[in-house]
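S.K.: Structure of the sequence below:
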Amino acid sequence: MGSLAQEQEDYPSAVRLYRESIAIRNELGDRGITVFTLVAIAEVLAAVGNIINAARIWGLADRMQKEVGSYWSPSELAQYSQRLTAARMAIEDDAAFDKAWLEGGALTLAQVLVLVSE
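M.R.: Residues are numbered from 1 along each chain as shown. Below is the predicted model:
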């Protein structure tokens, strides 16, 4: 449902639904889906211009992906790469993007989710 809201550019609903999904997945111990949901939240933040927090969330998602061993399909990887590139170009500051990515990689899931509610 979060994806549908995102496609309809109802970003507040998308974030709310993605957060609910993460809460449910956490209870079930399904960290693999949480990675993909974090990426979706980061995409929403990037779409509304909050590139720094998007980079932080992408940083955590990247770390979690490595920890849980979840992988992208070729089409998912292509879409993910396009959105990362677009976000980097939108901010025009690779150093700030990279710094935020590293900061996010050091945060917990709970800390990153606070960024979404700001």
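S.K.: Only C-alpha atoms from now on, for both contacts and neighbour counts.
M.R.: Will do.
S.K.: Could you report the neighbour count for Ala14?
M.R.: For Ala14, the count of nearby residues is 22 (other Cα atoms under 10 Å).
S.K.: Touching the helix or strand hosting Glu67 from outside, list them.
M.R.: Element membership for Glu67 (DSSP states H and E) is helix 51-68. The contact list for helix 51-68 (Cα atoms under 8 Å, 6 or more residues apart in numbering) reads 31-32, 35-36, 38-39, 41-46, 71, 87-88, 90-91, 96-98, 100-109, 112, 115-116.
S.K.: Is it possible to mark the buried ones in those residues?
M.R.: For those, a burial check counting by 16 or more other Cα atoms under 10 Å picks out 31-32, 35-36, 38-39, 41-46, 87-88, 97-98, 100-105, 107, 109, 112, 116.
S.K.: which ones are touching Ala47?
M.R.: Ala47 touches nothing, counting by Cα under 8 Å, 6+ apart.
S.K.: go with 10 Å
M.R.: Taking Cα atoms under 10 Å, 6 or more residues apart in numbering as the contact definition, Ala47 lies against 6, 9, 11, 41, 54, 83, 86-87, 90.
S.K.: what number of residues lie near the residue lying closest to Gly104 once chain neighbours are set aside?
M.R.: In space, and not counting its chain neighbours, Gly104 is closest to Arg56: 3.8 Å by Cα to Cα, 6 or more residues apart in numbering. Using other Cα under 10 Å, Arg56 has 25 neighbouring residues.
S.K.: Likewise for the one 10 residues further on?
M.R.: Using other Cα under 10 Å, Lys66 is surrounded by 13 other residues.
S.K.: Check what pLDDT it gets.
M.R.: On pLDDT, Lys66 comes in at 89.
S.K.: Checking Leu102 next. Helix, strand or coil?
M.R.: helix (DSSP: H, G, I helix; E, B strand; the rest coil).
S.K.: Now do it against Ala55, distance only.
M.R.: 9 Å (Cα to Cα, to the nearest Å).
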